[in-house]
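Undergrad: build me a model:
(chains A and B)
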Protein chains: 2
Amino acid sequence: MPETTPPRYDVIAIGNAVVDVIASCEEVLITELQLNRGGMTLIDEARADELYEAMPPAREVSGGSAANTLAGLATLGLQCAFIGQVADDQLGKVFRHDMRATGIDFDTPGRDGEPATGRVLIFVTPDGERTMNTFLGAGQFLPAAALDEDLIASGAILYLEGYLWDPEEPRRAMRRAIEVARDAGRKIAFTASESFVIDRHGDDFRAMIEDGVIDILFVNESELATLTGEDDFETGLAAVAGKVPVLVATRSEKGAVAIAHGERAEVAAVPVIKVVDTTGAGDQFAAGFLSGYAKGEPLTRCLKRGAICASEVISHYGPRPEADMLKLMEERL
Amino acid sequence: MPETTPPRYDVIAIGNAVVDVIASCEEVLITELQLNRGGMTLIDEARADELYEAMPPAREVSGGSAANTLAGLATLGLQCAFIGQVADDQLGKVFRHDMRATGIDFDTPGRDGEPATGRVLIFVTPDGERTMNTFLGAGQFLPAAALDEDLIASGAILYLEGYLWDPEEPRRAMRRAIEVARDAGRKIAFTASESFVIDRHGDDFRAMIEDGVIDILFVNESELATLTGEDDFETGLAAVAGKVPVLVATRSEKGAVAIAHGERAEVAAVPVIKVVDTTGAGDQFAAGFLSGYAKGEPLTRCLKRGAICASEVISHYGPRPEADMLKLMEERL
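TA: Residues are numbered from 1 along each chain as shown, chains lettered A, B, ... in the order given. Down below sits the predicted model:
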C-alpha cells in the first residue's frame, strides 16, 4: 500500500482483550492476599480462582489497556478498530459487545476451547488506588495469523500495549503489525504499560526506540525510570526525548509532560472531587492526548485533553469513560 | 421439625438467579426498541440477543429481586441463605461469587447445558428510570427436587419472589417450600414483584392471601391496584390489610405505608441528590423493612430502614448496596 493512501481509521490498537472484575475492598485485604499494591501482576488460573474466592462482591466491565484507550478515542469521535483475542465464551461476548457498542470495529474471531477469556481482578482500596491481578487467558494466544494486515495498513496510528509484549505469540504478532504499519507509512504509538514489563522486555523496547520504530511513546514516572535506569525524572526524560518524535510522561496527581520534536509542554492534573477508582487513568490520558494529536493540535492542548479524560475516569468505577466526553471537552478544554 | 427449634437463618429466599446487564441510554432508544418503559418484560433468548446488540456499553452485576433483598439483609448483618438456579457457566459463577462474597449461603447446584444463566438487560434513561428485559435462562428450571427442605425449615422467614411464580417448575418448588416453612412454624414473606405477574397469577396470590398463607406482603402502588382491582390506593389497602398480618405498600417518591395487625405507619421517601438508577429500589426497601421486622422493631422504624436502603441503591448503578449500610443506618435512622 503506498504511503499516500488516506487512512480509513484514526487509530488501530492491538491489546489485551479482558474483562475487569472490580471490587472495592479494605486495605487489610491487600496485605492478607499478598497483592502487589497499586501494580499489575500476571497470575495463572489457579491464583485467579483463589483471589476471586477471597474477593468482595464485584462488578464486571470490559477492560484491557489499549482497548480502554480506543473506547476513549471512539467516545471522542475518532474512527477506531481493535485487534485482540477473546475466547468463544460469555465474557468474550461481553467484551466484544462493549467494543462494538462503543463504535469500535472488532473482528478478531473468538478462540475455541480453553483457556477462557482473560480477566483482571481489580481490588480498589478506599484511596481509589487499584491493584490489578491479570489472568491473560485466551489473550496470550493472539497469533500473527489473526492480524488483518489490510486493516493495520489502513490506520493512521497503530497503538500497541506493552502488557501484551510479555506473551510470545502476541509479541510476534505485534512485531509483524509494526512492519505492516511502517510499510504503509503509518505512525506507531506504544505504551510501556508497567515497570515489570520493562524489567522483562526493556532490551526490546530500548532497541525499538534506538531504531526509530516508535513515533509516540507513553510512559509514567516509574516506567521511565525503569526504561532509562535514571531515577531522576528530568534525566530520564532527557535520555529518551531525542530518540522518539513524541514522548508523553504522566505523573499521576503531578500532571504530565510531553516533549515533541524538541518542544516541551506540561499540564497539571485536573482536580476531581473524589478519586473513586484509578483504573484506566493512564489509558484515558493516552486517549485524550491522541485525540488531539490525531487532529494536529498544539502539544499543550493534547496534554490538556489527556488530563481531562483521566480526571473523568478516576471519578467512577471502571476503566472507560461514562460521561458525554465531547460535551466535557467543550466545557473544560 | 417442631415449632420451637430456633431458626439458624434470619431469612431464606427463593428467587431468580440472574446477572443484570446495565447500560445508560437516551430516551429515544426505549421507543426505537419498543421497550416497556419502567417495567419488566420477559423475553426469549432471540430477543435478548437482539436487544443486547442494540444496547450501549454495559456493566454486569449480579441481580434478581429476592437475591438483591438478601444482599441488602446480609449487608445489614442478617444470616441469609438463597435458593435459585444458575447454569454451570461464567455468569453463573459470577452470580454465585457475588452471593457468597456478600455472606449469603448459596448451594443450589448449577444446571448443566442450555439455557445459560439468566440475565436482565436493563436500560437506564437519564431520569434514572430502569426498563428491564429478562431472559430467565436456567432460572426457569429450578426444580422442587433442588430444595434443601432442612434449610428452608431452618429460616425464621421464607422470602419469595413473585417474578419466579411465572415459570411452572419454580412455582411448584415455591409451593412446596411454603408447606415446609409453615410446618416448621416459620413466616412467609412474599413480594408481588410486578403487575404483569399478578395479571397472570393473581388468582393464586389472592387465594394464598385469603388462606392466610402470607404473613408479610410487599406490593407497590400499581401491584396493589392490580391485585385488588381497586384504583384508589386507600381502598386497595383496606381490601388486603385485614387478610395479611403485615402489609407493606411502597409508592416510590411518595414514600411507603405499612399496616400490621391493625396498626398503620407511614414514611416519606428519603431524598437523594440524584437518582442514578432505580434498579433495586423495591428490593432494598424490602431488605430494610425486614431487617427491622426480624428484630421486632416498631413498624415506623422498619419503614424508615426501608426508605434509607432504597435511597442508597438509587444513588448508584446496580441493584445491591454499595455503601457501608450499618454505618448509614447509624447515621440516618
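
Undergrad: tell me where chain A has helices.
TA: For chain A, applying DSSP state H gives helices covering A:27-32, A:45-54, A:65-75, A:90-101, A:149-153, A:168-183, A:195-210, A:221-228, A:233-241, A:281-293, A:299-313, A:325-332.

Undergrad: between these, which one is nearest to chain B?
TA: Evaluated with C-beta to the nearest C-beta, the helices of chain A place helix A:90-101 nearest to chain B, the distance being 4.2 Å. Heads up, the C-betas are built off the backbone N, CA and C, glycines and all.

Undergrad: quick check: mean pLDDT across the closest one?
TA: For helix A:90-101, mean pLDDT rounds to 98.

Undergrad: hmm, back to that, comparing the helices of chain A, which comes out most buried?
TA: Neighbour counts (mean count of other C-beta atoms under 10 Å in any protein chain shown) averaged over each of the helices of chain A peak at helix A:65-75, with a mean of 30.

Undergrad: packing partners of it?
TA: When contacts are defined as 3 or more C-beta pairs under 8 Å, 6 or more residues apart in numbering or on different chains; DSSP states H and E, helix A:65-75 packs onto strand A:9-14, strand A:80-83, helix A:90-101, strand A:155-161, strand A:187-191, helix A:281-293, helix A:325-332.

Undergrad: ok, which of these comes nearest B:Val219?
TA: Using C-beta to C-beta as the measure, helix A:90-101 is the one of those that comes nearest B:Val219, at 34.7 Å.

Undergrad: which residues touch the closest one?
TA: With contact meaning C-beta atoms under 8 Å, 6 or more residues apart in numbering or on different chains, helix A:90-101 is reached by A:17-19, A:60-62, A:64, A:67, A:70-71, A:82, A:86, A:106, A:110, A:116-117, A:119, A:138, A:320, B:23, B:52-53, B:55-58, B:60, B:89-91, B:116.

Undergrad: need the helices and strands packed on helix A:65-75 in a markdown table with distance to A:Val180, can you?
TA: Output for these, formatted as a markdown table (distance: least, C-beta to C-beta, whole Å):
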| stretch | distance to A:Val180 |
| --- | --- |
| strand A:9-14 | 10 |
| strand A:80-83 | 11 |
| helix A:90-101 | 21 |
| strand A:155-161 | 8 |
| strand A:187-191 | 11 |
| helix A:281-293 | 20 |
| helix A:325-332 | 30 |
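
Undergrad: so which of the ones you listed comes closest to B:Thr5?
TA: B:Thr5 lies closest to helix A:90-101 among the helices and strands packed on helix A:65-75, at 41.4 Å (C-beta to C-beta).

Undergrad: contact partners for A:Gly64?
TA: A:Gly15, A:Asn16, A:Ala17, A:Val18, A:Gly84, A:Phe95, A:Gly118, A:Gly139, A:Glu161.

Undergrad: may I ask which two of those are separated the most?
TA: A:Phe95 and A:Glu161, at 14.7 Å, using C-beta to C-beta across the contacts of A:Gly64.

Undergrad: circling back: which of the contacts of A:Gly64 sits closest to A:Ile214?
TA: Nearest to A:Ile214 out of the contacts of A:Gly64 is A:Glu161 (C-beta to C-beta; 13.0 Å).

Undergrad: around chain B, pick out the residues from the stretch 101-250 of chain A.
TA: Applying C-beta under 8 Å from any C-beta of the partner chain, we find that the stretch 101-250 of chain A lies next to chain B at A:Ala101, A:Thr102, A:Ala116.

Undergrad: okay, now the unreliable bits of chain A?
TA: Chain A contains residues with pLDDT under 70 at A:1-4.

Undergrad: ok, the residue nearest to the spatial centre of chain A - contacts?
TA: When C-alpha atoms, centre = their mean is applied to chain A, the residue found nearest the centroid is A:Ser65 (3.0 Å). Neighbouring residues of A:Ser65 by C-beta under 8 Å, 6+ apart: A:Gly15, A:Asn16, A:Glu161, A:Tyr163, A:Thr191, A:Ser193, A:Gly282, A:Asp283.

Undergrad: got the residues you listed as CSV, with distance to A:Glu221 columns?
TA: Listed next are the contacts of A:Ser65 as CSV, based on distance: C-beta to C-beta, whole Å:
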residue, distance to A:Glu221
A:Gly15, 22
A:Asn16, 23
A:Glu161, 19
A:Tyr163, 18
A:Thr191, 14
A:Ser193, 14
A:Gly282, 11
A:Asp283, 16
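
Undergrad: hmm, which two among those are most spread apart?
TA: Checking the contacts of A:Ser65 with C-beta to C-beta, the most distant pair is A:Asn16 and A:Gly282, at 13.9 Å.

Undergrad: now flag whichever of the contacts of A:Ser65 is closest to chain B.
TA: Nearest to chain B out of those is A:Asp283 (C-beta to the nearest C-beta; 14.7 Å).

Undergrad: what's the distance between that closest one and A:Gly84?
TA: 14 Å (C-beta to C-beta, to the nearest Å).

Undergrad: which neighbours do those two share?
TA: Contact criterion C-beta under 8 Å, 6+ apart; residues shared by A:Asp283 and A:Gly84: A:Ala66.

Undergrad: pretty sure A:Asp166 sits against A:Arg200.
TA: Yes - the criterion here is C-beta atoms under 8 Å, and A:Asp166 meets it with A:Arg200 at 6.4 Å.

Undergrad: and stretch A:101-121, C-alpha only, in PDB?
TA: The C-alpha coordinates for stretch A:101-121 follow below in PDB (Å, rounded to 0.1, in the frame of the first residue of the first chain):
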ATOM      1  CA  ALA A 101     -21.300  -0.700  21.200                       C
ATOM      2  CA  THR A 102     -18.700   2.000  21.700                       C
ATOM      3  CA  GLY A 103     -18.400   2.200  17.900                       C
ATOM      4  CA  ILE A 104     -15.100   0.300  17.600                       C
ATOM      5  CA  ASP A 105     -14.700  -2.300  14.800                       C
ATOM      6  CA  PHE A 106     -13.500  -5.600  16.400                       C
ATOM      7  CA  ASP A 107     -13.500  -8.600  14.200                       C
ATOM      8  CA  THR A 108     -10.700 -10.900  15.600                       C
ATOM      9  CA  PRO A 109     -12.500 -14.300  15.800                       C
ATOM     10  CA  GLY A 110     -13.000 -15.800  19.300                       C
ATOM     11  CA  ARG A 111     -10.800 -18.700  20.200                       C
ATOM     12  CA  ASP A 112     -12.400 -22.100  20.800                       C
ATOM     13  CA  GLY A 113     -11.700 -24.100  24.000                       C
ATOM     14  CA  GLU A 114      -9.600 -23.300  27.000                       C
ATOM     15  CA  PRO A 115      -8.400 -21.000  28.300                       C
ATOM     16  CA  ALA A 116     -11.300 -18.700  28.900                       C
ATOM     17  CA  THR A 117     -11.400 -15.000  28.000                       C
ATOM     18  CA  GLY A 118      -8.900 -13.100  30.100                       C
ATOM     19  CA  ARG A 119      -9.900 -11.300  33.200                       C
ATOM     20  CA  VAL A 120      -8.400  -8.800  35.600                       C
ATOM     21  CA  LEU A 121      -9.300  -9.000  39.300                       C
END
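
Undergrad: name the residues of that stretch that come out as buried.
TA: A:101-106, A:108, A:110-111, A:115-121 (16 or more other C-beta atoms under 10 Å in any protein chain shown).

Undergrad: what is the nearest of these to B:Leu303?
TA: A:Leu121 (38.9 Å).

Undergrad: and that closest one, how far from A:Ala173?
TA: Counting by C-beta to C-beta, the gap from A:Leu121 to A:Ala173 is 25 Å.

Undergrad: what do you get for A:Glu50?
TA: 30 Å.

Undergrad: many thanks, have a good one.
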